[in-house]
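**Q** Sequence first, predicted model second:
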Amino acid sequence: MMRTLVAGALSLLLPAIGLAGEYNLTVDRVTIDTGEFVKEGVGYNGTSPGPTLRFKEGEEVSINVTNNLDEMTSIHWHGLILPFEQDGVPGISFPGIKPGETFTYRFPITQSGTYWFHSHSGFQEPEGASGSIIIEPEGREPFRYDREYVVQLTDKHPHASERVMRNLKITPDYYNRKQQTVGEFFSDVSENGFLSTVKERLAWGDMRMMQADVEDLQGFTGMINGKGPEQNWTGLFEPGERIRLRFINSSAMTYFDIRIPGLKMTVVQADGNNVQPVNVDEFRIGVAETYDVIVRPKDEQAYTIFAESMGRSGYARATLAPEEGMEAPVPGLREPARLTMADMGGMPGMDHGDMGSANKMAEMPDMDHSNMEGMDHSAMMMPEGGASDPFYAKGSGLVPTAANGGKFLSYADLKAQKPLYEEREPAREIELRLTGNMERYTWSINGVKYEDAEPIRLKYGERVRFKFVNETMMTHPMHLHGMWSILDVGAGQWNPIKHTVSVQPGTTVYMETEVDAPGQWAFHCHLTYHMAAGMFRKVIVEGGPESTQAAFSEQPSEIGGDV
Amino acid sequence: MSLAKFAVAAVAISMPLAALGAGTHGGGHGHSAKSGEPGKASDVSRSITVEMYDNYYEPEAIEVKPGETVRFLVQNKGQLVHEFNIGTPDMHEAHQKEMMMMVEHGAIQGGKLNHDMMEMDMGHGKSMKHDDPNSVLLEPGESQEIIWTFSEKGNIEFACNVPGHYQAGMYGEVNFN
């Protein structure tokens, strides 16, 4: 029924186009072998991750998705601009795909670049239901390469996702093995009299903070293209060739710091949109982000692609080599990052006026500096090496540094290769405080979780500015469906166009959106268990061309909770 | 920007130039030993128009005869600053370090050149002036000519050494026949 309606509407709207492609995906129970453990999961066409779908800009695609599971499923085309009924979020875009049913997605491809697709039902995505999308541009690429590989990262946990969520709800630090940083840090501080001085201002008891919060899910195996570190996925090359690596982080919870010892990487694309090339030694990829880099190995040797988790609790590893079977050394894990006072800068219960940053704290007039002697200032106020990055709180312990002392990519380095929209003033600003209570493992926006929240209403044709204020100690990759997130890096019309924006603890990040897609859309943190806990909003775009206005707005939202 | 930082920058920028100079066995033209030398208008056998886009050239390969003198009409049709530089891959690599410094000091800003910054005295009589005879650096919309006499056969590329551009593929082959 749904199918015929959509097809009918599309055939009226779209002129006949020569370029059309039909694709078939089955959603299947699969077995996933990480090399360390074997678990049951969900995949596409019998594998996890699923296949790479190759589209061409300008093409009209039909994708037949057959649900072989005994539960509802869905596919969301992450980062693709399309009619909202095709976006694949149950309860927001469509009802979902029933067991045994085949649903046909139909939409025009209006963009190019590296993207991915995944289930938006239950915990199917962390269970393995994702795949990659490559879209060739109509014209030439603004760069050259001799060969390309998708490098799709996942974090496989031995426990089923339902069980992980239950455990996190009961004992939020269940998967937190390090059990140190913050507690250890504060015990040091307290011995030195610092804590007593600022105790009241900190409102310590209200900080709702757990220990070692850099990652709330440890104990996973990092995988690249479905291979664990020992299984070592290998991409072949001829020395001297330029290789385009399309990195996709389809992990449930894990940020990765990626490097290829011995090779510089030139970042040419972020979230499917070309950026002005940046040469880096290492970069951090947030959950749901993509980065395309070009590398040029000149020597007849193997190179390790090393993806270390942000909290240093695990890694994924793959190899680039002239021949199958060649290997390069695999680096060890670096010391875990330590959160600092700065990373708690946005925590509720703290006096924002005075405690907004570590710098301000150091200047607090009533602090007894004489008692601070013997404190390890470098550990507390500054990350190792005094690195700074405007997208981390001043003095944050999370600021990444390159393992070889070289260049680590910052959001501040990302500039659009070609502006997608004309610069204009946003009509209004919408503040979204990213909130949570670690002790109860609740995650929310503006203190309200999805089930209890009113949708965000936008007007078709307006440009809005979103202000993210991260009041938690976790990094949140915020993903708006259907419309681009223009990340404010201070570059005006050259601000990069993204689909997922990471907001670090204790920071405020701005992005702007041209509201050019009618209908209703999902907007959420892409960390699986944060999303499931309620860090999620429905966005309703009011107005727009009549034929495409929200047809599902009266639909009950309970299925939407099934994300 | 501190004075100390400028001093460091000045030393660093003078190094690659000095190193290249030393390689020419006392010859006058810094780059002549490898890629050729500035040519005379009277020797020009033909003209080649090279268009620079973000971030690639059209054409991406040219054919020349050993010793031929060619007039290049270089046009920047992109929205970013681009360079057209004739040299060997090693020369390009050395020049990329200088260009990186120009970006770090704000002499190159996306689609703009800051000429005041480029003229600034970096100490030791050096500036970030981009005046090598084998190269032009152009803002969007600008055009410039280079008359170049190619050496005998060699591994020569034309390249844009604005940071990241060469690595992303903004280069073209010079094929001798």
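**A** Received the coordinates, thanks.
**Q** Show me what counts as buried in the biggest strand by length in chain A.
**A** When chain A is scanned for its longest strand (criterion: DSSP state E), the result is strand A:20-33. Of the residues in strand A:20-33, A:25, A:26, A:27, A:28, A:30, A:32 count as buried by neighbour count, 16 or more other Cβ atoms under 10 Å in any protein chain shown. Every C-beta, even on glycine, is put in place using the N, C-alpha and C of the backbone.
**Q** likewise stretch A:467-487?
**A** Taking 16+ other Cβ under 10 Å as the criterion, stretch A:467-487 shows A:468-487 as buried.
**Q** Sitting in strands, which of these do you find?
**A** Assignment to strands by DSSP E places the following of those there: A:468, A:469, A:470, A:476, A:477, A:478, A:479, A:480, A:485, A:486, A:487.
**Q** mind listing the helices for chain B?
**A** Defined through DSSP state H, the helices belonging to chain B, from first to last, are B:3-22, B:89-104, B:115-119, B:165-168.
**Q** where in the stretch 51-200 of chain A is pLDDT low?
**A** Counting by pLDDT under 70, the low-confidence segments of the stretch 51-200 of chain A come to A:177-200.
**Q** Please enumerate the helices of chain A.
**A** Assigned by DSSP H, chain A shows helices spanning A:2-13, A:161-170, A:181-191, A:194-202, A:352-355, A:358-362, A:377-381, A:528-533.
**Q** measure residue A:539 to chain B for me?
**A** According to Cβ to the nearest Cβ, to the nearest Å, residue A:539 stands 32 Å off from chain B.
**Q** Could you list everything that residue pairs with in the sheet?
**A** Applying DSSP bridges to residue A:539 gives these bridge partners: residue A:456, residue A:521.
**Q** Can you read off the pLDDT for residue A:351?
**A** Confidence at residue A:351, expressed as pLDDT, is 38.
**Q** Contact residues of the stretch 1-150 of chain A facing chain B?
**A** Contact residues of the stretch 1-150 of chain A with respect to chain B, defined by Cβ under 8 Å from any Cβ of the partner chain, are listed as A:140, A:142, A:143, A:144, A:145.
**Q** Can you tell me the closest non-neighbouring residue to the fourth one?
**A** Here the nearest residue to residue A:144 in space, its sequence neighbours aside, is residue B:169; by Cβ to Cβ, 6 or more residues apart in numbering or on different chains that works out to 2.9 Å.
**Q** so who does the one you found touch?
**A** With contact set as Cβ atoms under 8 Å, 6 or more residues apart in numbering or on different chains, residue B:169 has these partners: A:143, A:144, A:145, A:242, A:294, B:55, B:56.
**Q** can I get the residues you listed in JSON lines with distance to residue B:49?
**A** Output for those, formatted as JSON lines (distance: Cβ to Cβ, whole Å):
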{"residue": "A:143", "distance to residue B:49": "22"}
{"residue": "A:144", "distance to residue B:49": "20"}
{"residue": "A:145", "distance to residue B:49": "26"}
{"residue": "A:242", "distance to residue B:49": "26"}
{"residue": "A:294", "distance to residue B:49": "27"}
{"residue": "B:55", "distance to residue B:49": "18"}
{"residue": "B:56", "distance to residue B:49": "15"}
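**Q** Show the buried residues in those.
**A** Neighbour counting with 16+ other Cβ under 10 Å marks A:143, A:144, A:145, A:242, A:294, B:55, B:56 as buried within the contacts of residue B:169.
**Q** can you pull the contacts of the closest residue to the last one other than its chain neighbours?
**A** In other words, residue B:56. The spatially closest residue to residue B:56, leaving aside those adjacent along the chain, is residue B:170, at 5.6 Å (Cβ to Cβ, 6+ apart). Residue B:170 makes contacts with A:143, B:52, B:55, B:56, B:57, B:82, B:159, B:160, B:162, as judged by Cβ under 8 Å, 6+ apart.
**Q** Save the residues you listed as TSV, and put in distance to residue A:544 too.
**A** Output for the contacts of residue B:170, formatted as TSV (distance: Cβ to Cβ, whole Å):
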residue	distance to residue A:544
A:143	35
B:52	40
B:55	36
B:56	37
B:57	42
B:82	40
B:159	47
B:160	42
B:162	41
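**Q** In strands, which of those residues appear?
**A** Using DSSP E, the subset of the contacts of residue B:170 located in strands is B:52, B:56, B:57, B:82, B:159.
**Q** Of these, just say which sits nearest to chain A.
**A** Using Cβ to the nearest Cβ, residue B:56 is the member of the ones in strands among the contacts of residue B:170 that sits closest to chain A, with 6.1 Å.
**Q** distance of that closest one from residue A:308?
**A** Separation of residue B:56 from residue A:308 (Cβ to Cβ, to the nearest Å) stands at 34 Å.
**Q** Check residue A:70 too.
**A** Here residue A:70 is placed at a distance of 38 Å from residue A:308 (Cβ to Cβ).
**Q** Show me which of the two is the more surrounded one.
**A** Using other Cβ atoms under 10 Å in any protein chain shown, the more surrounded residue of residue A:70 and residue A:308 is residue A:308, with 25 against 8.
**Q** Wait, that one touches residue A:336, no?
**A** No. With the criterion set as Cβ atoms under 8 Å, residue A:308 and residue A:336 do not qualify as a contacting pair; they are 10.4 Å apart.
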